[in-house]
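**Student:** below are the sequence and a predicted model; questions follow.
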There are 2 protein chains.
Amino acid sequence: MSHDGATLTARAFKDAVYEQFARITKALASPVRLELVDVLAQGERTVDALAREVGQSLANTSQHLRSLKEARLVEARRDGTFVHYRLADPQVIEVWRAVRALGERQLAEIERTVAAYLGDAGGFESVTADDLQRRLADGEVVLLDVRPDAEYRAGHLPGARSIPVGELAERLAELPPDATVVAYCRGPYCVMSYDALAILRDHGRRGVRLAEGLPDWRAAGRPVQGGHGLG
Amino acid sequence: MSHDGATLTARAFKDAVYEQFARITKALASPVRLELVDVLAQGERTVDALAREVGQSLANTSQHLRSLKEARLVEARRDGTFVHYRLADPQVIEVWRAVRALGERQLAEIERTVAAYLGDAGGFESVTADDLQRRLADGEVVLLDVRPDAEYRAGHLPGARSIPVGELAERLAELPPDATVVAYCRGPYCVMSYDALAILRDHGRRGVRLAEGLPDWRAAGRPVQGGHGLG
DNA sequence: CATATGCTCAATAGATTACTTGATCAAGGC
DNA sequence: GCCTTGATCAAGTAATCTATTGAGCATATG
């Protein structure tokens, strides 16, 4: 019960427990590893693809993945000479989303950083997932996935068309000229949909942005079309 | 759009955004600071109280609180010679809960650590919040808050009686002799309810444990009686 | 078997973090 | 004003973390 021995045991118990949880938070305590988690929330990737995506060297990316793997946040699968990494548990996305939600509430710097980037492109209208479903039901809008084709194929919003942002300028003809386009990409801090809206605007089209990305849509329990999830 | 200049800007934007979020994860990347957050989830505390609770020196605790404060996870309030710290946002609890949920799913070590501690005390039955509400409605059980009195006063489960675990042995007479006691404390890794159950068992009483603590109860949107929340 | 590709590992230097100690500061009581 | 209490600050050491470099390993191909 509560003699000295038990008190010491209780302290050792707490130390051990918090040490275990700190393994997770330590693994996430790096901007590079947070970005890796954010990208992996879209689906599995090779080390090389991840390195290019986050703008780090191959060796450095491999080592960051190693520390994520040691904390069991990601898993690896070998396929020939390629090693594909994926999130080990959907709950990893929940942790990242909780951190993001906190940051959005607490850190005004993020708002300013976003505003500084958007300063180039101008403020674009964004809609919520509920808005989108209402407007889709009314047939008012065209839903556009501007992520790379592979990500679209790995899963996308029901009824979305795929035109990667890099091909949008050439493939504008595929979109009905007078429809409002709702563009989405990976998440609230993914710039692809902003870039897409700038292209649409430069060609006289009307476009708005879905505030969240595919992982957020999925996390809200909404249906996803195609693809095989993320393990 | 996507000429080289914009690409560089996009990279700088991402770097800045992930850097901001990493401020949060870095602040949580320490077992001591995780424990501080866990304790502060119960309500505000002085530096001295926190230092004793987490078993660290005053200076070290103060410095850990400083880094939590810089990341805006906690706020401080001076009252005479005392400084009271509290969580800056309820969303901080959500992050901690998400980390805990991930750890419970991923890290078998935690199970083993818990089992090792409970090995002393024997496996005790635990009930969920839903179980509890059903059994309370049936009048089968007595709900007992075994946390320190100050925490009980800062907020407790509706209908709970307060007997801090340190006083339980002397105050057993206050409990109806043949009722089943449901004991709860701060959370799933708080040892007070385990200690309380051991005392009850040693005196021939029947007791079970509520699996979660007050912050979890509150986070689930269930009503809390008394107290003023946690800012 | 030799070679190329995709990735991991080991060694290193520079930066950051953790805890201790002793000094300092702020507020209240005498 | 002086002393006490509660907390912060500054300095120092040990430990840990980050990114780079170059070597090494596994798998596939000619």
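**Tutor:** Now that the structure is in, tell me what you want to look at. Model, not experiment: these values are computed from the prediction.
**Student:** check contacts around A:Leu175.
**Tutor:** Residues near A:Leu175 by Cβ atoms under 8 Å, 6 or more residues apart in numbering or on different chains: A:142, A:144, A:161, A:163, A:181, A:205. (Each C-beta comes from the backbone N, C-alpha and C, glycine too.)
**Student:** around DNA strand C, pick out the residues from chain A.
**Tutor:** Within chain A, the positions adjacent to DNA strand C are A:46-48, A:58-59, A:62-63, A:65-66, A:76, A:81-84 by Cβ under 7 Å from any atom of the strand.
**Student:** among those, which ones are buried?
**Tutor:** Among these, those classed as buried by 16 or more other Cβ atoms under 10 Å in any protein chain shown are A:47, A:62, A:65, A:84.
**Student:** contact partners for the closest residue to A:Cys185 other than its chain neighbours?
**Tutor:** Leaving aside its sequence neighbours, A:Cys185 sits nearest to A:Met192 (Cβ to Cβ, 6 or more residues apart in numbering or on different chains; 3.9 Å). The contact partners of A:Met192, by Cβ under 8 Å, 6+ apart, come to A:146-147, A:165, A:185-186.
**Student:** now check the strand or helix carrying A:Gln63, is it near DNA strand D?
**Tutor:** For A:Gln63, the host element (DSSP states H and E) is helix A:58-70. Yes. For helix A:58-70, a contact with DNA strand D is found by Cβ under 7 Å from any atom of the strand, at A:59-60, A:63-64, A:67.
**Student:** and that helix, what other elements does it pack with?
**Tutor:** Using 3 or more Cβ pairs under 8 Å, 6 or more residues apart in numbering or on different chains; DSSP states H and E, the elements in contact with helix A:58-70 are helix A:4-27, helix A:31-40, helix A:47-54, strand A:74-79.
**Student:** rerun at 10 Å
**Tutor:** For helix A:58-70, the elements it packs on are helix A:4-27, helix A:31-40, helix A:47-54, strand A:74-79, strand A:82-87, judged by 3 or more Cβ pairs under 10 Å, 6 or more residues apart in numbering or on different chains; DSSP states H and E.
**Student:** and A:Gly103, what does it touch?
**Tutor:** A:109-110, A:189, B:17, B:20-25, B:71-72, B:91, B:95 (Cβ atoms under 10 Å, 6 or more residues apart in numbering or on different chains).
**Student:** quick one: least confident of these?
**Tutor:** On pLDDT alone, A:Glu109 ranks lowest of those, at 58.
**Student:** walk me through the domains of chain A.
**Tutor:** A:4-92, A:114-219 (automatic domain parsing).
**Student:** would you turn the contacts of A:Gly103 into TSV with neighbour count?
**Tutor:** Shown next, in TSV, are these (neighbours: other Cβ atoms under 10 Å in any protein chain shown):
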residue	neighbour count
A:Glu109	14
A:Ile110	21
A:Tyr189	23
B:Val17	25
B:Gln20	25
B:Phe21	23
B:Ala22	22
B:Arg23	20
B:Ile24	25
B:Thr25	27
B:Ala71	23
B:Arg72	19
B:Gln91	18
B:Val95	26
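**Student:** okay, these in a markdown table with distance to DNA strand D next?
**Tutor:** Listed next are the contacts of A:Gly103 as a markdown table, based on distance: Cβ to the nearest atom of the strand, whole Å:
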| residue | distance to DNA strand D |
| --- | --- |
| A:Glu109 | 19 |
| A:Ile110 | 20 |
| A:Tyr189 | 18 |
| B:Val17 | 15 |
| B:Gln20 | 15 |
| B:Phe21 | 14 |
| B:Ala22 | 9 |
| B:Arg23 | 13 |
| B:Ile24 | 14 |
| B:Thr25 | 10 |
| B:Ala71 | 14 |
| B:Arg72 | 15 |
| B:Gln91 | 23 |
| B:Val95 | 19 |
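**Student:** please, which helix or strand holds A:Gly43?
**Tutor:** According to DSSP H and E, A:Gly43 maps onto no helix or strand at all.
**Student:** surely it meets A:Ala150?
**Tutor:** Yes. Contact criterion Cβ atoms under 10 Å: A:Gly43 and A:Ala150 qualify, at 8.0 Å.
**Student:** compare these two (neighbour count), which wins?
**Tutor:** Taking other Cβ atoms under 10 Å in any protein chain shown, A:Gly43 and A:Ala150 do not tie; A:Gly43 has more neighbours (21 against 12).
**Student:** and the closest residue in space to the more buried one that isn't next to it in sequence, its phi and psi?
**Tutor:** Nearest residue to A:Gly43, sequence neighbours excluded (Cβ to Cβ, 6+ apart): A:Ala154, at 4.2 Å. The phi/psi pair for A:Ala154 (degrees, to the nearest 10) reads phi -80, psi 0.
**Student:** thought A:Ala154 was touching A:Arg218?
**Tutor:** No. Between A:Ala154 and A:Arg218 there is no contact under Cβ under 10 Å: 11.4 Å.
**Student:** give me the buried positions along stretch A:33-46.
**Tutor:** A:33-45.
**Student:** residue ranges with poor pLDDT in chain A?
**Tutor:** Across chain A, the ranges flagged by pLDDT under 70 are A:1-8, A:107-123, A:228-231.
**Student:** 50 - rerun?
**Tutor:** Regions of chain A meeting the criterion pLDDT under 50 cover residues A:1-8, A:121, A:229-231.
**Student:** and it, which residues reach DNA strand D?
**Tutor:** Close to DNA strand D, as judged by Cβ under 7 Å from any atom of the strand, chain A has residues A:26, A:29-30, A:32, A:56-57, A:59-60, A:63-64, A:67, A:78, A:80-81.
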